[in-house]
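A.B. asks: quick one: sequence and predicted model below, then my questions.
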Amino acid sequence: MSGLNEENNEFHNQRTETDAFRATEEFKKMFHDNESFCYEPWQFADYEVCADTLKTTYDEINIWGKQEAVIRPGWKVSKDNSKVYIPNLFSKISGIYQDTIQYREDISALLEQDNTLFFKHFPLFHIKKHSSMSKTYSSLLDKKGLVSKNKLITSKYWKYSNLKPGLQENIAEKIIEFCKLPDFWKYRRFNTNVKLSVMDKISTFLTCIDDKSARDEFIMKVATLNVLMNLDVKLLNLLQNFDYPLHVPKIIVFNNYKSGHFSFSDAVSLMFMNSMGVDILIYNPGATSDIENFVKDGYFDIHKLQFTNSNFKYKRVNFFIRWIRKLRAKKKLLKEMK
């Protein structure tokens with residue numbers, strides 16, 4: 001009798017496929033293969049995201065910046081169908097050129113793209129400093145001293161449970177990598193101004209009493225976790241709406257003398273979004289330092305233009321001026337053709 005009860009209590013995950021379902025699956029195999037470049041919506045939603053940051057000229061920013069990921073050089077899907085490589089942009093445009101209207105037009109053309117965020121002030125986001133973040137970080141570590149993905153996603157501190165499962169997995173993987181302090185950081189000890197409780201201060205001091213650099217790196221890891229565990233909803237919306245082969249989301253930053261102080265937290269946010277395949281473009285008309293204070297050369301492009309002007313302000317070029325410029329350009333082209 002007990003055996004019968006066990007058999008009856010067993011859950012059988014058996015589902016009969018309809019003819020229409022089987023036909024649809026066959027169609028997908030034929031026409032939506034990973035190498036077909038003809039994809040169905042959200043075909044790669046559960047794939048691991050690997051950013052392949054392009055190395056471009058300045059002129060190419062407005063060319064590739066308007067193209068879908070699948071059109072850009074470098075787009076590919078791994079042979080084991082687990083990773084998708086997204087060609088994205090990460091450029092700093094330092095200075096301006098003589099034609100300031102065209103300079104503004106270049107920025108405006110990118111701002112018109114879908115799924116784009118524009119920032120003119122720092123910090124990009126106001127991130128609360130939690131005195132218990134050190135304790136939170138320690139609670140997420142595995143036996144090797146690394147952040148555990150299982151602990152991270154199942155913890156009470158995980159705020160991203162409403163996102164798509166594949167996106168949650170990607171965010172968790174990136175958080176783990178960032179908490180290892182990747183090689184792109186220029187230094188492994190930044191003044192991150194982390195708020196620690198009295199007990200955490202004592203514990204950190206005792207643990208790293210003979211190694212100040214270890215203490216500074218620990219603080220940097222905690223600060224990184226604090227930023228990435230509290231991502232702004234605007235950033236999350238960019239990622240949630242990103243169907244990887246299609247239009248690449250953008251973060252455009254305009255940094256003049258009124259923009260404020262570019263911080264470590266800003267650098268973490270931008271590097272994280274870059275690692276998720278998002279385009280990052282920093283326009284700095286005064287050619288002052290910002291991202292390069294934190295990130296090594298080679299991880300982003302710097303395009304140096306002719307002139308510098310820290311007082312230069314961004315504003316959209318009005319329709320009348322744009323119309324006059326297009327008319328003059330057409331007249332010039334007609335003369336050259338004659």
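C.D. replies: Nice, thanks for sending it over. Source: prediction; values computed, not measured.
A.B. asks: which parts of this protein belong to which domain?
C.D. replies: 49-125+236-337, 133-231 (automatic domain parsing).
A.B. asks: those: which one's closest to Tyr39?
C.D. replies: Evaluated over the domains of the chain, closeness to Tyr39 peaks at domain 49-125+236-337, with 5.2 Å, by Cβ to Cβ. From N, CA and C alone the C-beta is placed, and that goes for glycine too.
A.B. asks: what's the mean pLDDT across that closest one?
C.D. replies: Across domain 49-125+236-337, pLDDT averages out at 92.
A.B. asks: off-centre distance for it?
C.D. replies: 13 Å (Cα atoms, centre = their mean, to the nearest Å).
A.B. asks: picking up where we left off before, mind putting the domains of the chain into a markdown table with mean neighbour count and distance to Cys38?
C.D. replies: Putting the domains of the chain into a markdown table (neighbours: other Cβ atoms under 10 Å; distance: least, Cβ to Cβ, whole Å) gives the following:
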| stretch | mean neighbour count | distance to Cys38 |
| --- | --- | --- |
| domain 49-125+236-337 | 17 | 10 |
| domain 133-231 | 16 | 21 |
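A.B. asks: so where do the helices sit in the chain?
C.D. replies: In the chain, the helices defined using DSSP state H lie at 2-9, 19-31, 58-64, 100-111, 133-139, 149-154, 165-178, 198-207, 212-228, 233-240, 264-275, 319-337.
A.B. asks: output the below-cut-off pLDDT ranges for the stretch 101-250 of the chain.
C.D. replies: Along the stretch 101-250 of the chain, the model assigns pLDDT under 70 to residues 131, 191, 193-212.
A.B. asks: so what's Ile175 up against?
C.D. replies: Contacts for Ile175 (Cβ atoms under 8 Å, 6 or more residues apart in numbering) come out as Val147, Leu152, Leu225, Leu228, Met229.
A.B. asks: was I right about the last one contacting Tyr157?
C.D. replies: Yes: with contact defined as Cβ atoms under 8 Å, Met229 counts as touching Tyr157 (6.0 Å).
A.B. asks: what is in contact with these two at once?
C.D. replies: With contacts taken as Cβ under 8 Å, 6+ apart, Met229 and Tyr157 have Thr136 as neighbours in common.
A.B. asks: quickly list what the nearest residue to Phe119 once chain neighbours are set aside is bridged to.
C.D. replies: Nearest residue to Phe119 in three dimensions, chain neighbours excluded: Val253, at 4.9 Å (Cβ to Cβ, 6 or more residues apart in numbering). Beta bridges link Val253 to Phe119, Ile282 when assigned by DSSP bridges.
A.B. asks: could you do Val295 as well?
C.D. replies: Counting by DSSP bridges, Val295 forms beta bridges with Trp185.
A.B. asks: and the end-to-end length of stretch 258-266?
C.D. replies: End-to-end distance of stretch 258-266 (Cα to Cα, to the nearest Å): 16 Å.
A.B. asks: so what touches that stretch?
C.D. replies: Outside stretch 258-266, the residues touching it (Cβ under 8 Å, 6+ apart) are 120-125, 127, 190-192, 220, 223, 227, 255, 290-291, 293-294.
A.B. asks: let's see it at 7 Å
C.D. replies: Applying Cβ atoms under 7 Å, 6 or more residues apart in numbering, the contact partners of stretch 258-266 are 120-124, 127, 190, 192, 223, 227, 255, 290, 294.
A.B. asks: next: stretch 303-310.
C.D. replies: Residues external to stretch 303-310 that are found in contact with it (Cβ under 7 Å, 6+ apart): 58, 91, 93-98, 256-257, 285-288.
A.B. asks: swap in 6 Å and give it another go.
C.D. replies: Stretch 303-310 has contacts (Cβ atoms under 6 Å, 6 or more residues apart in numbering) with Tyr58, Ile93, Ser94, Gly95, Ile96, Tyr97, Asn256, Tyr257, Pro285, Gly286, Ala287.
A.B. asks: list just the nearest of the residues you listed to Trp75.
C.D. replies: Nearest member of the contacts of stretch 303-310 to Trp75, counting by Cβ to Cβ, is Tyr58, at 22.0 Å.
A.B. asks: how about that closest one: what's its closest non-neighbour residue?
C.D. replies: His303 is the one closest to Tyr58 (Cβ to Cβ, 6+ apart), at 4.0 Å.
A.B. asks: tell me how far that neighbour lies from Asp106.
C.D. replies: According to Cβ to Cβ, to the nearest Å, His303 stands 11 Å off from Asp106.
A.B. asks: rewinding a little: nearest to Arg316 among the contacts of Ile175?
C.D. replies: Closest to Arg316 out of the contacts of Ile175 is Leu228 (32.9 Å), distances taken as Cβ to Cβ.
A.B. asks: cool, thanks, talk later.
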